[in-house]
Each structure stands twice: as C-alpha cells, then as structure tokens.
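Participant: Sequence below, structure please.
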Amino acid sequence: MDKKIKRPIRVLVAKVGLDGHDRGAKVIATALRDAGMEVIYTGLRQTPEMVVNAALQEDVDAIGISILSGAHMTVFPKVAHLMKEKGMDDVLLTGGGIIPEEDMKQLQQKGVGNLFPPGTSTNEIASYINNWVQEHRSF
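Facilitator: Numbering: from 1, shown residues only. The predicted structure is shown next:
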C-alpha cells in the first residue's frame, strides 16, 4: 500500500441529542485508542452542529456517533448534510447503537458509512475505520 499513514487516525466519538447512555461510546473510544487511533470524545448531549464543528477543529478522519434514542434517521442525515456543507467529503461518518437493519440500509444509501449494532467486535469497528481511512483519505 503506497499511502502509508504517517500519523495516527483521528476519530471523533459523539453522543447526539438527549440520549444519556454513554457506556458503549466510552467502550468504543477506549478500543479505538487501544488500536492506536487518536480519539476525541465529545461527551453527552451534543448537537449535530457541535459535532461537525468539533470534527473540523480537530481535523478528524472519522466521526462515530453512538445513538440509542431512536433519533438515528434524523441525526445521521443532519450530520451528513452539515459535513457536506463544510466540504468534509473525505471524512467517514459511521456509528452504532440501536438501529434497525432496514434503517441502517437507508442511511448507507444516503452516504453514511457502516453502522454497527450492540455486540459488534471492537476489532471489527477499528478495522473498518482503519481500512476506510486508508482508502479515502490522503495524508
């Protein structure tokens, strides 16, 4: 592979909206850090605008949104729209939580990356982010 990463992959992990359950997000953040990535965790109750602005400021390669509230069909399209407005076409938008498979398919058709249900191996998530970034980002 010619495009060897010369710095750690930077990932922003976010909880959007009123969803106050962040154990899964913290587990993922720790696992990604253990996989050698730089992780910025925004904490609870972020707005889509706050997430995208933080991602811009931190120059991240990927945004991971953890969502358990059922608002995924609103949150992911809003974040994707803001990312497009800001020219963040080479930043991965991924995430996970309680998202029905049919909704996952619809979101992926709208440009959202893979979404992961509870119980997904953290190695699988880290590998997906790593492979996507290697393929889509230029360093």
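Participant: Which stretches in this structure count as helices?
Facilitator: 23-34, 48-58, 72-85, 101-109, 122-136 (DSSP state H).
Participant: Next, format the ones you listed as JSON lines and append mean pLDDT.
Facilitator: As requested, these are exported to JSON lines (pLDDT from 0 to 100):
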{"stretch": "helix 23-34", "mean pLDDT": "96"}
{"stretch": "helix 48-58", "mean pLDDT": "98"}
{"stretch": "helix 72-85", "mean pLDDT": "97"}
{"stretch": "helix 101-109", "mean pLDDT": "97"}
{"stretch": "helix 122-136", "mean pLDDT": "97"}
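Participant: do you know which of those lies nearest residue 95?
Facilitator: Distance to residue 95, taken as Cβ to Cβ, is lowest for helix 72-85 among these, at 7.0 Å. C-beta: built from backbone N, CA, C; applies to glycine.
Participant: Who are the packing partners of the closest one?
Facilitator: If contacts are counted by 3 or more Cβ pairs under 8 Å, 6 or more residues apart in numbering; DSSP states H and E, helix 72-85 sits against helix 48-58, strand 62-67, strand 92-97, helix 101-109.
Participant: Pick the most deeply packed of those.
Facilitator: Ranked by mean neighbour count under mean count of other Cβ atoms under 10 Å, those are led by strand 62-67, which reaches a mean of 26.
Participant: contact partners of that strand?
Facilitator: 9-17, 19, 22, 24-25, 28, 32, 51-52, 55, 75-76, 79, 83, 91-99, 113, 125, 129, 132-133 (Cβ atoms under 8 Å, 6 or more residues apart in numbering).
Participant: any idea of the mean pLDDT in it?
Facilitator: For strand 62-67, mean pLDDT is 97.
Participant: Report the beta-bridge partner residues of the most centrally placed residue in the chain.
Facilitator: The residue lying closest to the centre of the chain (Cα atoms, centre = their mean) is residue 64, at 1.6 Å. Under DSSP bridges, the beta-bridge partners of residue 64 are residue 13, residue 94.
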